[in-house]
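Undergrad: Give me a 3D structure for the following:
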Amino acid sequence: MPPVIVWVLVGLAVVGWLARRWWEPRLAARGLALRDLPVKWWLVGYPQTAARIVFTWRRLCQVANLAVSLRASHQRVLGKDTVVEGRALRPSVPRLSWPMPTRHGLKVRVVMLPGQTPAPYYAAARAMEHAWRVHSVMVTSPRRGHVLLTITAADPLTGELPAAERAGELLAADVGWCEEGVAFVIDFRRTPHWMITGATQSGKSTLLAALVRALAPQPVALVGVDCKGGMEFSGFGRRLTLLATSRRDAIEVLERLVREIQARTQVCRAAGARSVWDLPEKARPVPLVLLVDEIAELYLTDGSRSEREAAERCGTLLLRIAQLGAALGVYLVAAGQRVGSDLGVRVTSLRAQLGGRVAHRAHDEASAEMTLGDINKDAVVVAQSITEDEQGVCVVAMQGRWTRARSHLISQEERAEIAATDPPRSPFLSGMDSAPAKGGQRE
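TA: The predicted model follows:
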């Protein structure tokens with residue numbers, strides 16, 4: 001047997017031993033087992049990719065401007081840029097840790113050389129992808145002097161995604177799948193308000209449908225505002241407690257929600273509670289989730305005074321709901337192609353209240369910037385790389401973290417199942433009519 005093959009077999013054996021000794025306990029802590037990893041990736045893909053990273057690192061650093069040239073001490077320098085009587089400058093490359101496997105790829109930590117910043121590594125990410133033959137390389141800097149390379153071997157968001165988990169905690173909605181191989185969960189208890197942006201046919205409506213499907217079995221009241229005549233939300237039938245299909249109806253619904261918040265405030269004050277979650281379960285009001293599609297329709301005007309007043313009223317009411325609703329069980333999801341200051345003076349204040357951000361494919365850099373820029377600059381670059389072929393793929397950012405994800409596709413049969421679901425009984429403390437709206441007219 002050739003010596004090269006012997007060394008390859010020994011290397012695979014060592015990798016398998018290290019996997020069981022080091023990696024299996026960490027997988028068990030996450031509720032996984034070694035057998036859950038794809039066999040082909042673990043036995044073939046991981047060793048090949050790890051070897052490719054290690055053996056090409058020096059050459060890659062030299063080509064991608066990640067190496068630093070150091071002059072030998074015995075060289076003489078004549079003039080500003082002339083070096084004589086010496087050898088060629090010796091390039092020094094950053095130190096690379098051993099590539100550690102993840103569920104869909106690897107993680108590599110790089111110790112930067114003195115004087116380096118993460119910027120060249122961001123610029124070299126595409127070069128790394130081609131050199132190592134992987135799907136993507138995400139560059140982050142978790143601490144000073146270090147760069148973490150999160151490598152995804154193959155795109156896990158292509159093909160058919162695993163089915164959504166129907167069971168879960170209250171107000172936690174499994175709406176898709178993340179690139180790391182974990183569920184994409186919108187948890188309103190942790191992140192109360194969300195903003196969803198993206199171009200036409202980029203996946204916003206699909207994500208909203210997945211959100212409604214995940215919340216439908218839960219004791220949660222869903223209120224919809226769809227000023228496109230109810231095209232997106234009317235298919236969910238009586239599962240929606242209220243549906244506004246015009247700006248006039250939207251103002252009425254938003255005013256009622258503000259009154260509901262005030263009523264819940266009185267209940268909490270009387271009980272000495274700081275939020276509805278401090279109340280006894282039997283006395284706790286039903287949580288409300290407000291879904292607004294194409295939020296720009298609430299702000300755009302034709303210049304007339306009445307239109308301007310209506311738009312300003314919508315902006316004021318939405319801002320009050322976002323500011324006061326979280327502790328009182330009222331949550332907001334605002335979706336649109338753009339949520340920028342060009343829509344009105346109060347949009348910037350509203351956007352600051354929306355801690356959860358989801359950015360689908362955008363036509364311009366400004367749209368991705370206004371969604372993700374104040375959370376993480378790296379996420380803006382990744383959002384701009386989403387192509388038209390990746391419908392439903394998005395960048396999710398919250399609490400300083402971000403990842404790529406894709407929402408579940410909801411079939412017509414599932415929409416019909418949602419439409420036939422009854423809403424929770426008596427969701428309002430303020431005496432609001434809880435009958436669902438149809439075509440903007442309440443029953």
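Undergrad: Give the burial count for the residue nearest to Thr421 when sequence neighbours are not counted, as a bare number.
TA: Counting by CB to CB, 6 or more residues apart in numbering, Thr421 lies nearest to Arg239, which is 4.5 Å off, once chain neighbours are set aside. Heads up, the C-betas are built off the backbone N, CA and C, glycines and all. Arg239 is flanked by 23 other residues according to other CB atoms under 10 Å.
Undergrad: how close does Arg239 sit to Leu409?
TA: As judged by CB to CB, to the nearest Å, Arg239 and Leu409 stand 19 Å apart.
Undergrad: try Ala209
TA: The spacing between Ala209 and Leu409, counted by CB to CB, is 9 Å.
Undergrad: Between the two, point out the one with more neighbours.
TA: Between Ala209 and Leu409, counting by other CB under 10 Å, Ala209 is the more crowded of the two (23 against 15).
Undergrad: Outline the domain layout of this structure.
TA: Domain segmentation of the chain under automatic domain parsing yields 37-70+87-152, 172-442.
Undergrad: just the ones you listed: most buried one?
TA: domain 172-442 (a mean of 19; mean count of other CB atoms under 10 Å).
Undergrad: Any regions of the stretch 151-300 of the chain where pLDDT drops low?
TA: By pLDDT under 70, the low-scoring segments of the stretch 151-300 of the chain are 158-168.
Undergrad: redo that, cut-off 90
TA: Scanning the stretch 151-300 of the chain with the threshold set as pLDDT under 90 gives 151-169, 177-183, 199-203, 227-235, 237-238, 281-283, 294, 296-300.
Undergrad: what ranges do the helices span in it?
TA: Using DSSP state H, counting those that start in this stretch, the helices assigned to the stretch 151-300 of the chain run over residues 204-215, 247-271, 296-299.
Undergrad: Minimum distance to Arg313: which of these has it?
TA: helix 247-271 (5.6 Å; CB to CB).
Undergrad: what residue is smack in the middle of this structure?
TA: In the chain, the residue lying closest to the centroid (CA atoms, centre = their mean) is Val396, at 1.0 Å.
Undergrad: pLDDT score for the nearest residue to that one once chain neighbours are set aside?
TA: Among residues not flanking Val396 along the chain, Ala405 sits closest, at 4.9 Å (CB to CB, 6+ apart). Looking at Ala405, its pLDDT is 91.
Undergrad: How about the secondary structure of Ala405?
TA: Classification of Ala405 using DSSP: H, G, I helix; E, B strand; the rest coil returns strand.
Undergrad: was I right about it contacting Glu390?
TA: No - in this structure, Ala405 is not within contact of Glu390 by CB atoms under 8 Å, at 11.2 Å.
Undergrad: quick one: the residue nearest to the centre of the chain is in a strand?
TA: Yes - using three-state DSSP, the assignment for Val396 is a strand.
Undergrad: Put together CSV for the helices of the stretch 151-300 of the chain, with distance to Glu417 on each row.
TA: Converted to CSV, those look like this (distance: least, CB to CB, whole Å):
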stretch, distance to Glu417
helix 204-215, 8
helix 247-271, 25
helix 296-299, 28
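Undergrad: Ok, which of those helices comes nearest Leu148?
TA: Proximity to Leu148 (CB to CB) singles out helix 204-215 among the helices of the stretch 151-300 of the chain, at 28.1 Å.
Undergrad: could I get that closest one in PDB with only the CA atoms?
TA: Backbone C-alpha positions of helix 204-215 (Å, rounded to 0.1, in the frame of the first residue of the first chain) are rendered in PDB as follows:
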ATOM      1  CA  LYS A 204     -41.900  38.600   2.800                       C
ATOM      2  CA  SER A 205     -45.400  37.200   2.300                       C
ATOM      3  CA  THR A 206     -44.100  33.700   2.600                       C
ATOM      4  CA  LEU A 207     -42.500  34.500   6.000                       C
ATOM      5  CA  LEU A 208     -45.700  36.200   7.200                       C
ATOM      6  CA  ALA A 209     -47.700  33.100   6.200                       C
ATOM      7  CA  ALA A 210     -45.300  30.900   8.000                       C
ATOM      8  CA  LEU A 211     -45.600  33.100  11.100                       C
ATOM      9  CA  VAL A 212     -49.400  32.900  11.000                       C
ATOM     10  CA  ARG A 213     -49.200  29.100  10.600                       C
ATOM     11  CA  ALA A 214     -46.900  28.800  13.600                       C
ATOM     12  CA  LEU A 215     -49.100  31.000  15.800                       C
END
